[in-house]
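Q: Sequence first, predicted model second:
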2 protein chains.
Amino acid sequence: MPPRGRRPVGSSDTRQEILTAAGELFAERGFERTTMRAVAARADVDPALIHHYFVNKEGLLAAALVLPVDPAALLAGLDKDPEHAGEALVGRLLGVWEGDPDARHRMVGLLRVGLSHERAAAGLRDLLGRTILIALSRVVAQDHRSLRAALVGSQMGGLLLGRYVLGIPGVRDATPGQLVVAIGPVLQHYLTGPVGGAVAPATASR
Amino acid sequence: MPPRGRRPVGSSDTRQEILTAAGELFAERGFERTTMRAVAARADVDPALIHHYFVNKEGLLAAALVLPVDPAALLAGLDKDPEHAGEALVGRLLGVWEGDPDARHRMVGLLRVGLSHERAAAGLRDLLGRTILIALSRVVAQDHRSLRAALVGSQMGGLLLGRYVLGIPGVRDATPGQLVVAIGPVLQHYLTGPVGGAVAPATASR
DNA sequence: CGACCAATGCAACGCTTGATGAATTCTGCG
DNA sequence: CGCAGAATTCATCAAGCGTTGCATTGGTCG
């Protein structure tokens, strides 16, 4: 129905609309089940236009892959009360996920995509490494920073997985309060407790 | 090349070969990227034969979805030394995953498929619930059994995710020994520690 | 031996998918 | 104004997908 050529200027930021649509669909359905045509339809645009902007489906994925929450904001002020940083962290994360379904879906989508697509896994790894690790640096104990951050991430990832994706009854039906009590001390342990004494000797090459 | 009709009896268990091939491929590539033709090729069989046995691609998935390890064996004897069950459990799991790449791939595949496919998520949920929860019952404290089991599962799932799927450096490069020291006490906490006092009041309906 | 069913292979259908090349319209610069 | 280039749509392609109908062979039971 729309005329064929270029739109009058400033009528819309098409590129951004495509990215938004793609982000939503990748999150909902994962990489494979998201079709270019579906993205185009949601962005109200011709499929060929996506190729014009992002070359590939992979290019589109790479461009649409962004963290749905700001880790810095999530961690702000946690170092004021280092003794209870663990509980506070679980509480905040659960607060976001419970209160902001959109952010939750995007986060689940990141997992979904990262798990289904090797290239996305790499992107996700970098994304998490560059943001979360840095943001955690101020809260975490001095030694084994990378390991500590990853352990925190693994526990929260596991929770996300069990509660929102797989829907394992035990964690799906727990209240946020219960989870804070149960998991808070764990994150606290990862943040400041002992995690494996000496650095691993270089038994493995590479 | 092979003749057209039925094979002489007992010459091979074709059905099982299809299931094996399907299990491997689903684990490697997830549901969508596993094609019937690929399964057929790996099982050295005609694609139509898969439909003959399993009707659907979904039917094939349902039939191929099995736990690659025996949870009972994994947990056997843990109740002899309840104080160190957490460490022992991490150690055993890491032992299996490090020492038996095939079992690891299958486990990762379960995650992959469960994450990519709603129907598989349900199957996986039941599978885990029926086996792991029951097997854990003897090790875990009396109260909040379901929650405790799910917490243990979420932490181990998160580890699997971070170490073997996403490859987050902090946990990817840690030695099994380090991980046992770091995560053991956490599982111990989930198994026998306090996890949220009273059962949640029925604030939420349904 | 004949009837019937299970197991297997062949060929094909209809559909969807990601991608491409050309045509059209608008913008911005000289 | 004229013209290069960006933005947009259209029509179409080749490949791959899950699935189906049919033919053929072997086993089983009367």
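A: Cool, got the structure.
Q: Now A:Val45: which helix or strand?
A: Secondary structure assigned from DSSP states H and E places A:Val45 in neither a helix nor a strand.
Q: same deal with A:Ala38?
A: Using DSSP H and E, the element containing A:Ala38 is helix A:36-43.
Q: helices or strands next to that helix in the packing?
A: If you count contacts as 3 or more Cβ pairs under 8 Å, 6 or more residues apart in numbering or on different chains; DSSP states H and E, helix A:36-43 packs onto helix A:14-29, helix A:47-54, helix A:57-64. For the C-beta atoms, the positions are set from N, CA and C on the backbone; glycine is no exception.
Q: could you dump the ones you listed to TSV with distance to chain B, mean pLDDT and mean neighbour count?
A: Formatted as TSV, these follow (distance: least, Cβ to the nearest Cβ, whole Å; pLDDT from 0 to 100; neighbours: other Cβ atoms under 10 Å in any protein chain shown):
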stretch	distance to chain B	mean pLDDT	mean neighbour count
helix A:14-29	9	95	19
helix A:47-54	19	97	15
helix A:57-64	13	95	18
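Q: Pipe the ones you listed into a markdown table and attach distance to B:Glu98 per row.
A: Listed next are the helices and strands packed on helix A:36-43 as a markdown table, based on distance: least, Cβ to Cβ, whole Å:
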| stretch | distance to B:Glu98 |
| --- | --- |
| helix A:14-29 | 32 |
| helix A:47-54 | 39 |
| helix A:57-64 | 31 |
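Q: Chain A - how does it break down into domains?
A: Chain A breaks down into these domains under automatic domain parsing: A:14-64, A:71-192.
Q: so which of those domains is the most packed in?
A: Across the domains of chain A, averaging neighbours per residue (mean count of other Cβ atoms under 10 Å in any protein chain shown) puts domain A:71-192 on top, at a mean of 19.
Q: does DNA strand D sit close to that one?
A: No: residues of domain A:71-192 are not located near DNA strand D by Cβ under 7 Å from any atom of the strand, the shortest gap being 14.8 Å.
Q: Distance from that domain to the middle of the chain?
A: The chain centre lies 9 Å from the centre of domain A:71-192; the measure is Cα atoms, centre = their mean, to the nearest Å.
Q: Give the rounded mean pLDDT of that domain.
A: Domain A:71-192 shows a mean pLDDT of 91.
Q: For A:Val165, which three-state class applies?
A: Classification of A:Val165 by DSSP: H, G, I helix; E, B strand; the rest coil places it in helix.
Q: And A:Leu161, by the same measure?
A: A:Leu161 - assigned by three-state DSSP - is helix.
Q: With only the CA atoms kept, save stretch A:52-72 in PDB.
A: Taking C-alpha atoms only, stretch A:52-72 is exported to PDB below (Å, rounded to 0.1, in the frame of the first residue of the first chain):
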ATOM      1  CA  HIS A  52      19.700  -3.100   3.400                       C
ATOM      2  CA  TYR A  53      20.400  -2.100   7.000                       C
ATOM      3  CA  PHE A  54      21.900  -5.200   8.500                       C
ATOM      4  CA  VAL A  55      23.100  -7.300   5.600                       C
ATOM      5  CA  ASN A  56      22.300 -10.600   7.300                       C
ATOM      6  CA  LYS A  57      20.100 -12.200   9.800                       C
ATOM      7  CA  GLU A  58      23.200 -12.600  11.900                       C
ATOM      8  CA  GLY A  59      24.000  -8.900  11.500                       C
ATOM      9  CA  LEU A  60      20.500  -8.100  12.700                       C
ATOM     10  CA  LEU A  61      21.100 -10.400  15.700                       C
ATOM     11  CA  ALA A  62      24.400  -8.800  16.600                       C
ATOM     12  CA  ALA A  63      22.800  -5.300  16.400                       C
ATOM     13  CA  ALA A  64      19.700  -6.300  18.400                       C
ATOM     14  CA  LEU A  65      21.700  -7.900  21.200                       C
ATOM     15  CA  VAL A  66      21.700  -5.400  24.100                       C
ATOM     16  CA  LEU A  67      21.400  -5.800  27.900                       C
ATOM     17  CA  PRO A  68      17.800  -4.900  28.900                       C
ATOM     18  CA  VAL A  69      18.900  -3.500  32.300                       C
ATOM     19  CA  ASP A  70      21.700  -1.200  33.400                       C
ATOM     20  CA  PRO A  71      24.000  -3.200  35.600                       C
ATOM     21  CA  ALA A  72      25.600  -0.100  37.100                       C
END
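Q: who's in contact with that stretch?
A: Here stretch A:52-72 makes contact (Cβ atoms under 8 Å, 6 or more residues apart in numbering or on different chains) with A:15, A:18-19, A:22-23, A:26, A:31, A:36, A:39, A:50, A:96, A:102-103, A:106-107, A:110, A:113, A:117, A:119-120, A:123-124, A:127, A:131-132, A:135.
Q: please redo it, this time with the cut-off set to 6 Å
A: For stretch A:52-72, contacts defined as Cβ atoms under 6 Å, 6 or more residues apart in numbering or on different chains pick out A:15, A:19, A:22-23, A:26, A:96, A:103, A:106-107, A:123, A:131-132, A:135.
Q: Show me the two of these that sit farthest apart.
A: A:Arg15 and A:Ala135 (28.7 Å; Cβ to Cβ).
Q: Let me know the helix or strand that A:Asp126 is in.
A: Taking DSSP H and E as the definition, one finds A:Asp126 inside helix A:118-128.
Q: and that helix with chain B, contact?
A: Yes: using Cβ under 6 Å from any Cβ of the partner chain, helix A:118-128 reaches chain B at A:121, A:125.
Q: where does chain A come near DNA strand C, residue by residue?
A: With Cβ under 7 Å from any atom of the strand as the criterion, chain A meets DNA strand C at residues A:3-9, A:34-38, A:47-48, A:51, A:55-58.
Q: again, only using 10 Å
A: For chain A, the residues in contact with DNA strand C (Cβ under 10 Å from any atom of the strand) are A:2-11, A:31-41, A:46-52, A:54-60.
Q: Quick one: list the elements packing against the host helix or strand of A:Met107.
A: Following DSSP H and E, one finds A:Met107 within helix A:101-116. The contact analysis (3 or more Cβ pairs under 6 Å, 6 or more residues apart in numbering or on different chains; DSSP states H and E) places helix A:101-116 against helix A:14-29, helix A:118-128, helix B:101-116.
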